[in-house]
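> Generate coordinates for the sequence data below:
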Amino acid sequence: MSEARTCRIFAGVELGEGVELGDFVVIGQPAKGQREGDAETVIGAGSVIRSHTVIYAGARLGEKCQTGHGALIREYSTLGDEVSVGSHAVIEHHVEIGNGVRIHSQAFVPEFSILEDLCWVGPNAVLTNARYPLSDGVKEELIGPTLREGAIVGANATLLPGVVIGRRALVGAGAVVTVNVPDGAVVAGNPARIIKTTADLPYE
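Below is the predicted model of the structure:
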C-alpha cells in the first residue's frame with residue numbers, strides 16, 4: 001500500500017492490498033450526525049484514489065476502482081469492481097453502482113440512483129432526484145434515475161428523477177430525458193425522443 005503523508009484516514013477505514021493514495025485524500029469522513037468510526041469504509045484491493053478525493057464514512061468501493069482528482073463519494077454508496085469516477089465528479093449518498101461502470105469528469109449522480117454493470121456516464125452529465133425542489137416533503141420523495149446494464153449517457157445530458165434508461169440504450173449528448181428509455185433505444189433532444197436503435201450503430 002502506498003500512502004501519501006498528507007492524507008487523512010479516519011477510524012473504521014479498511015484499505016485493501018495495493019491501494020494507492022494521492023496527496024490530500026480524505027477517507028472515512030463522518031457525515032453529519034456521525035461520529036468517527038461509526039460506519040466502516042472499505043476501499044478494495046488495487047484501487048487508485050487520486051489527489052483531493054474525499055470519500056465519506058460508510059462508502060464501499062470494490063477492487064481496482066479509481067478516482068480522478070477531486071472526486072467526491074458520499075456515505076453509504078457502494079461501488080462494484082473496476083469502477084472509474086472522473087475528476088470532480090460527485091457521487092451522493094446511498095447510490096448503488098455495479099461493476100465496470102465509467103463516470104466521467106464533473107458528472108453528478110444524486111442520492112438513490114442505481115447504475116448497473118458496465119454503464120457509461122459522460123462528462124458534465126447531470127442525474128436528478130427531486131421532482132419539485134424545495135417543496136414540502138421533497139426529501140422523503142427523492143428518487144434517482146436507474147441506468148440498466150450497459151446504458152450510455154452522453155456528455156451534458158440531464159436525466160429527470162426516477163427515469164429508467166434501458167439496457168444498452170444510448171442518451172445523446174445534451175439530451176433532457178423526461179420519460180423512461182426502452183432497451184436498445186437511442187434518444188436525443190429536449191425533451192429526448194427516440195431517433196433510432198443501437199442496432200443501427202456501429203457496435204459489435
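> Quick check, central residue of the protein?
I91 (4.6 Å; CA atoms, centre = their mean).
> who's it bridged to?
Counting by DSSP bridges, I91 forms beta bridges with I73, V109.
> So it versus G184, what's the distance?
From I91 across to G184, the span is 27 Å (CB to CB, to the nearest Å). The way it works is simple: take the backbone N, C-alpha and C, and place the C-beta from them, glycine included.
> do E116 as well
Distance from E116 to G184, by CB to CB: 15 Å.
> Same check on F24?
Note on F24: its distance to G184, by CB to CB, is 43 Å.
> likewise L159?
18 Å.
> Looking only at neighbour counts, state which of the two leads.
L159 (29 against 18; other CB atoms under 10 Å).
> Surely the more buried one and V179 touch.
No. Using CB atoms under 8 Å, L159 is not in contact with V179, being 10.6 Å away.
> I'd like the domain boundaries of the chain, if you could list them.
Following automatic domain parsing, the chain resolves into domains at 1-100, 115-130+141-204.
> can you redo these as CSV with mean pLDDT and distance to Q106?
Formatted as CSV, the domains of the chain follow (pLDDT from 0 to 100; distance: least, CB to CB, whole Å):
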stretch, mean pLDDT, distance to Q106
domain 1-100, 95, 5
domain 115-130+141-204, 96, 5
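> want to try CSV for those, with distance to V109 as columns?
Formatted as CSV, the domains of the chain follow (distance: least, CB to CB, whole Å):
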stretch, distance to V109
domain 1-100, 5
domain 115-130+141-204, 5
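> Isn't the residue nearest to the centre of the chain up against I73?
Yes. Under the criterion of CB under 8 Å, I91 makes contact with I73 at 4.6 Å.
> residues shared between the contacts of these two?
Listed contacts common to I91 and I73 are 79, 85; contacts here mean CB atoms under 8 Å, 6 or more residues apart in numbering.
> And the helix or strand hosting V187, what does it pack against?
If you go by DSSP states H and E, V187 is part of strand 185-188. Where contact means 3 or more CB pairs under 8 Å, 6 or more residues apart in numbering; DSSP states H and E, strand 185-188 is packed against strand 170-171, strand 193-197.
> what's the span of stretch 125-134, first residue to last?
End-to-end span of stretch 125-134 (CA to CA, to the nearest Å): 22 Å.
> actually stretch 11-27, sorry about that
9 Å.
> show me the contacts for the residue nearest to the centre of the chain.
Neighbouring residues of I91 by CB under 8 Å, 6+ apart: 71-74, 77, 79, 85, 97, 103, 109.
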